[in-house]
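**Student:** Next input, structure requested:
(3 chains)
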Amino acid sequence: MTLDIRDLRLDYALPGGLSVRALDGVDLRIDDDEIVGLVGESGCGKSTLAYSILRVLPENADIVEGRILYRNRDLIGLSEGRMRNIRWSKISMVFQSSMNAFSPVHRIVDQLAAVHMAHTGSDKRAALKVAEKALTRMGIPASRTWSYPHEFSGGMRQRAAIALALLLDPEILIADEPTTALDVVIQDRILQIIQDWQRESGRSVIFVSHDMAVVAEICDRIAVMYAGLVVELADKVDLLKEPRHPYTQALLDCVPNVKGRGSRLQSLSGSPPDLRQRHEGCLFRPRCAKAFADCATVKPDLFEVGDRHPARCLLYRPEAS
Amino acid sequence: MQPRGEYGRLRELRDRAIAFWKDFRTDKAAVFGLAVVVFFAILALLPWLFAPYSPTSIAFAQLETPSGAHLFGTDDIGRDVLSRIIWGSRVSLLFGILAASLSLALGATLGLLSGYYGGWVDQILSRSFEIVLMIPAFFLLVMVVAIFGNNINFEILVVGITIWPANARIMRASVLSLKERQFVRAAVATGASHGRILIQHILPNAIQPVIVNSNLQIGQAILFEAGMSFLGLSDPNVVSWGAMVNVGAFHLVDAWWLAFFPGVALAVLILSFNLIGDGVGKVYGATSVVARKMETPKVAA
Amino acid sequence: MTPEAGSTVVRAVGVRKHFRPNRGIVASLLGGKADIVRAVEDVSLEIRRGEILSLVGESGSGKTTLGEVLTLLQRPTAGNIFLDGTDLSRLKPGKLRSHRRRMQVVFQDPYQSLDPRMTIYRAVAEPLQVNEHLQKEELYTRVANMLEGVGLSPAEAFLYKYPRELSGGQRQRVAIARALILDPDFVVADEPVSMLDVSVASGILNLMLDLRARLGTAFLFITHDLAVARYISDRIAIMYRGRIVEIGPAVVVTQHPIHPYTQLLLSAVPAIDLTTRRERVVSDLETADREHAVRGCSFQFRCPFVYDQCRGTVPSLLEVEPAHSAACFKYSAPA
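**Tutor:** Residues are numbered from 1 along each chain as shown, chains lettered A, B, ... in the order given. Reported below is the predicted structural model:
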């Protein structure tokens, strides 16, 4: 097992003394050699969770509880110096806006080389070689690697950003909506790149997205998040064939299919709960078609349903006999 | 269906005023600035209620240090400094507010037209902004006084027509940014006339940074006036803080109070307008459409 | 749900929109040619009464520009736009304004399309205030009814609010209410759900279908998402580099695409489907960068079927199957 997140709770402090409970007890394990998808809608906490792993959270974020175990060390308590050793060389990240994060006044290959030199202490010539190879592996022709960022299209810059993330051969790649701002053909190419890398290297990927279809394409296991919690976790095929949590079921019914679905799309009324306040019972209850009396007062745990397919819903609560 | 209560324009104005005050109140420095300005405004409006003596009466002993009878002392010809400070606030406030208002009206209008219509209108107007900016206001003021004498109305006019380009440029930039916003284009799509779009949609949003700047310009204008009177170029019949500092400069050693009190008054008043400007800027900054897009949820998903 | 073969409400003929970027005084005086951006190139299109036509394309395809030209928020560089027979592109601004009420727009960004200083009531009332002269009570009634009609119920709860107090989905409903309150013949919706969560977006899509059924309004639905286009539209038009390269019934275009670009797009769309494996169409991406005027078909550099003809002439949109047209020499070789 590569990464073990246990009972992670995180608040964002707001002006005026309020705080938002963005994560309220997340449990998640990432194993070797898999792509895990984190899927959910805005405000569910998926990006916050991703940022927590690398500890690149904004100033007003406060981890109140929980552990993130990587190779038996808790990343949360780690000193900044030790954390820096892990960032990029062991765990790296690609963001939605990574393609815009390049310095406009330096060549792409130089920027990659600079990162390599900073982490490994190599000399410039060796670093440039490594950088060039990383870029060409992403399908960027050798002749173009010496360009400036503005000479690249958005898709090429994002590929360069992935090359940068994979430069030091990390054990875990975190991808936070890497293709959301891109056209569908380029998106497809980038998903292929990530999948190919994962298969060849046997490493792990955490793929965060709001797009269920993309997650279904590329991931082995999927974690569905809602209001700061993981509400369902399963192998892709199990989740799609037999979604258990009412939110997952509703979500899948809201997604149009280019091959047609023959029935009217469902939609969810209402909005996600205001996380500035504490709520009684299950956070999905106001919008849940299957809610019953206990849902208002009892907070469901992640209940195992025999196989590796837990769901955070009282419908699956083992009867206390 | 029956309409209940006020739901249209009036409600918007009321809601906006309440919301503005609520936000403004949180900036302690800005509220302090506002209090100071209000304080001086009251003094300026009703000086006879507060001034212990007439500002021009020379009946008193000369160069008296501050005491019970004369809280700020007396000046070189025996006038009570405190009374002169109180009466002097009229000139400073009047000058500042009038000149800045003229600058606001002129700058906002020209900037609005320049930004909205674009094309050669914009080209010509922009060049005019730049040309007027090149005029050194202070020297122009000196020349005006030399030619037309110490007429305070002219001085206000001159200041007003030399400092407006800053407002015009700010307005123009705001308008350019707003023109392409979707809510403006939606209004175009419904067939709204240019006038309606300008007045209903663009002006209220675009004028915000100009208002912030105007607060600073009030301070700027007050300083102009003080500078003019410091150089002895103002109307000798008008009580002016700048003129008091002029006199006080000769008595820095033996009668420090002559320069001190008007100097402090000037500094405090100008600072207060700046603080108000900053406060207004902060309130607008949090909700401004011009500066940035409207808030999307601040918490990472 | 296809409407009866109704009459045509909007017709575009040979529409072009070219942009000349602003170069400043010095460059203009010194002369030389500026690069023209050919956003829309020779588009002819018909939208029938009550139909929902999706305009699908990637960024740079010109779909947004075409939408703006069809509602005359931008004037076409060439070509005509007919609204129920009237040539709008030749009208002066004053006369044009009176026709505007018949075609409205819904924009993409729910956070930007409403004036933040206006109450919801005023935002939805504005089109009525501009175009009609109603008594206060009637104005109120029509606005409240419209809000109820887009699912914002009870209307009184929303009238006094400001846009920042509403969620993205609610704001989009307000934008739709504002667009439909004048009962236009034709609404251009430019990516109206792209910025919304999927569970909210689906509600908006269903709302538009319901409104179309009730009011008979025609929609031009601009999107990059083929799955959404398939769900909501009767017909789909695919745009590439300023031209329409394929057009036909939604089901047919997504199931039996003719044009190689459509085939490429469809092969790239991810779908939640465990049964079939996706056939990926290989395409050379590197030359997909911005190019200037090209001789012949603009897709030639990425097309797996390209041959000589494609480099010399631009293929026209020709009917290959009943009601299904494509602009490709593979299917409609010239004589």
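
**Student:** lowest average confidence, helix or strand, in chain A?
**Tutor:** strand A:303-305 (a mean of 84; mean pLDDT, DSSP states H and E).

**Student:** Now do the strands in the stretch 151-300 of chain C.
**Tutor:** C:186-190, C:218-223, C:235-240, C:243-249 (DSSP state E, counting those that start in this stretch).

**Student:** among the ones you listed, which is nearest chain B?
**Tutor:** strand C:186-190 (8.7 Å; CB to the nearest CB). Yep, even glycine has a C-beta here, placed from its N, CA and C like the rest.

**Student:** neighbouring strands for the closest one, and are they parallel or not?
**Tutor:** Using DSSP bridges, the strands paired with strand C:186-190 in its sheet are strand C:103-106 (parallel), strand C:218-223 (parallel).

**Student:** mind saving the C-alpha coords of the shortest one as PDB?
**Tutor:** Looking back up the chat, that one is strand C:103-106. Output in PDB follows, covering the C-alpha atoms of strand C:103-106 (Å, rounded to 0.1, in the frame of the first residue of the first chain):
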ATOM      1  CA  MET C 103     -34.200  36.700 -30.700                       C
ATOM      2  CA  GLN C 104     -32.600  36.400 -27.300                       C
ATOM      3  CA  VAL C 105     -29.400  35.100 -25.800                       C
ATOM      4  CA  VAL C 106     -28.500  33.000 -22.800                       C
END
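
**Student:** And that strand, how far out from the chain middle?
**Tutor:** 10 Å (CA atoms, centre = their mean, to the nearest Å).

**Student:** what's the following helix or strand after that strand?
**Tutor:** From strand C:103-106 onward toward the C-terminus, using DSSP states H and E, the following helix or strand is helix C:120-131.

**Student:** Which neighbouring elements make contact with the next helix or strand after that following helix?
**Tutor:** Downstream of helix C:120-131, the next assigned helix or strand under DSSP H and E is helix C:136-149. Helices and strands touching helix C:136-149, by 3 or more CB pairs under 8 Å, 6 or more residues apart in numbering or on different chains; DSSP states H and E, are helix C:120-131, helix C:155-159, helix C:168-180.

**Student:** Using the three-state scheme, assign the residue in the stretch 51-200 of chain A that chain B sits nearest to.
**Tutor:** The stretch 51-200 of chain A approaches chain B most closely through A:Tyr51 (6.5 Å), counting by CB to the nearest CB. Here A:Tyr51 is helix, with the state taken from DSSP: H, G, I helix; E, B strand; the rest coil.

**Student:** confidence score at it?
**Tutor:** For A:Tyr51, the model assigns a pLDDT of 93.

**Student:** Now mean neighbour count and mean pLDDT too, for the strands of the stretch 151-300 of chain C, in TSV please.
**Tutor:** Below are the strands of the stretch 151-300 of chain C laid out as TSV (neighbours: other CB atoms under 10 Å in any protein chain shown; pLDDT from 0 to 100):
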stretch	mean neighbour count	mean pLDDT
strand C:186-190	25	94
strand C:218-223	25	95
strand C:235-240	26	95
strand C:243-249	24	94
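
**Student:** Can you add distance to A:Ala165 and give these back as a markdown table?
**Tutor:** Shown next, in a markdown table, are the strands of the stretch 151-300 of chain C (distance: least, CB to CB, whole Å):
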| stretch | distance to A:Ala165 |
| --- | --- |
| strand C:186-190 | 34 |
| strand C:218-223 | 30 |
| strand C:235-240 | 32 |
| strand C:243-249 | 36 |
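
**Student:** Pull up the residues of the stretch 51-200 of chain A that are close to chain B.
**Tutor:** Counting by CB under 8 Å from any CB of the partner chain, the positions of the stretch 51-200 of chain A adjacent to chain B are A:Tyr51, A:Pro58.

**Student:** residues making contact with stretch C:123-133?
**Tutor:** Contacts with stretch C:123-133, where a contact means CB atoms under 8 Å, 6 or more residues apart in numbering or on different chains, come from B:8, B:187, B:190-193, B:196, B:200, C:101, C:104, C:114-115, C:118, C:134, C:139, C:142-143, C:146-147, C:163, C:174, C:177-178, C:181-182.

**Student:** B:Arg84 - nearest residue in space that isn't next to it in sequence?
**Tutor:** Ranked by CB to CB, 6 or more residues apart in numbering or on different chains and with sequence neighbours excluded, the top spatial neighbour of B:Arg84 is B:Pro55, at 4.6 Å.

**Student:** Run a quick neighbour tally on C:Val314.
**Tutor:** Around C:Val314 sit 15 other residues, with neighbours defined as other CB atoms under 10 Å in any protein chain shown.
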